[in-house]
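Participant: coords please:
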Amino acid sequence: MAFRMKYIRRWGLMYAVVPESLSTHSLEVALCAHALALIGNARFGKSYDADRVAAKALYHDLPEIFTGDIPTPVKYYSRESHEAYASVEEAALARLFAMLPEELRGSYESLFCYTPEERTLIKAADKLCALLKCREEAHFGNADFREAEKALLASLREMRCAEADYFLDTFGESFAQPIDTLLKTPR
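Facilitator: Numbers count the residues shown, from 1 in each chain. Predicted structure coming up:
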């Protein structure tokens, strides 16, 4: 079932020059969450289990195999809509876990038990990846993502996640660079 994530399209309400699947998004969130954990450990004296954070981030949107990608304006339209969606997500996870052999269930279920710090890092990585997607689309001349980019940047900064701020301030501009420029960067 997890391999079906490649069929789930994100950003359903917007035209995307570069379509994004749930698989792509999940990988990128895992990469960013792992980086945020390493940044936290190296720069801010934290003791995150970066590998565990990456694994949890990789699976964070697994329920969307059944639900699809619900657009943020719909998902967060009201407290009731958000609570209803959370209930649907829980049911989707329960169904996915029920498909597993008994001896594997606990290991997979543990990937959805977050400490508050892990939740913050994964949420920040999720927003960071969405922001980078918006910037990518803008780079290709797609104006559909402009408002989402502004909202995501504000939301990300409001999180006051030092690791995400560091990532964005240190690496954010490099995402707009062509490959030849990136390859010239000194080591």
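Participant: Against residue 61, how distant is the spatially most central residue of the chain?
Facilitator: When C-alpha atoms, centre = their mean is applied to the chain, the residue found nearest the centroid is residue 126 (2.5 Å). Applying C-beta to C-beta, to the nearest Å, one obtains 8 Å for the distance of residue 126 from residue 61. For the C-beta atoms, the positions are set from N, CA and C on the backbone; glycine is no exception.
Participant: Any stretches of this protein with poor pLDDT?
Facilitator: Across the chain, residues meeting the criterion (pLDDT under 70) sit at 185, 187.
Participant: Going along the chain, name the helices of it.
Facilitator: Counting by DSSP state H, the chain has helices at residues 22-43, 50-59, 64-67, 72-75, 79-98, 102-109, 116-139, 146-158, 162-171, 179-184.
Participant: what helices or strands is the third one leaning on?
Facilitator: Contact partners of helix 64-67 among helices and strands, from 3 or more C-beta pairs under 8 Å, 6 or more residues apart in numbering; DSSP states H and E: helix 79-98.
Participant: Now the helix it packs on - C-alpha only, PDB.
Facilitator: The C-alpha atoms that make up helix 79-98 are tabulated as PDB, following Å, rounded to 0.1, in the frame of the first residue of the first chain:
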ATOM      1  CA  ARG A  79     -12.200  23.200  13.900                       C
ATOM      2  CA  GLU A  80     -14.900  20.700  12.900                       C
ATOM      3  CA  SER A  81     -13.400  20.000   9.500                       C
ATOM      4  CA  HIS A  82      -9.900  19.500  11.000                       C
ATOM      5  CA  GLU A  83     -11.200  17.200  13.700                       C
ATOM      6  CA  ALA A  84     -13.200  15.200  11.100                       C
ATOM      7  CA  TYR A  85     -10.200  14.800   8.900                       C
ATOM      8  CA  ALA A  86      -8.100  13.700  11.900                       C
ATOM      9  CA  SER A  87     -10.700  11.000  12.600                       C
ATOM     10  CA  VAL A  88     -10.600   9.800   9.000                       C
ATOM     11  CA  GLU A  89      -6.700   9.700   9.200                       C
ATOM     12  CA  GLU A  90      -6.900   7.600  12.300                       C
ATOM     13  CA  ALA A  91      -9.200   5.200  10.600                       C
ATOM     14  CA  ALA A  92      -7.000   5.000   7.500                       C
ATOM     15  CA  LEU A  93      -3.900   4.300   9.700                       C
ATOM     16  CA  ALA A  94      -5.900   1.600  11.600                       C
ATOM     17  CA  ARG A  95      -6.800   0.000   8.300                       C
ATOM     18  CA  LEU A  96      -3.200   0.100   7.100                       C
ATOM     19  CA  PHE A  97      -1.900  -1.400  10.400                       C
ATOM     20  CA  ALA A  98      -4.500  -4.200  10.200                       C
END
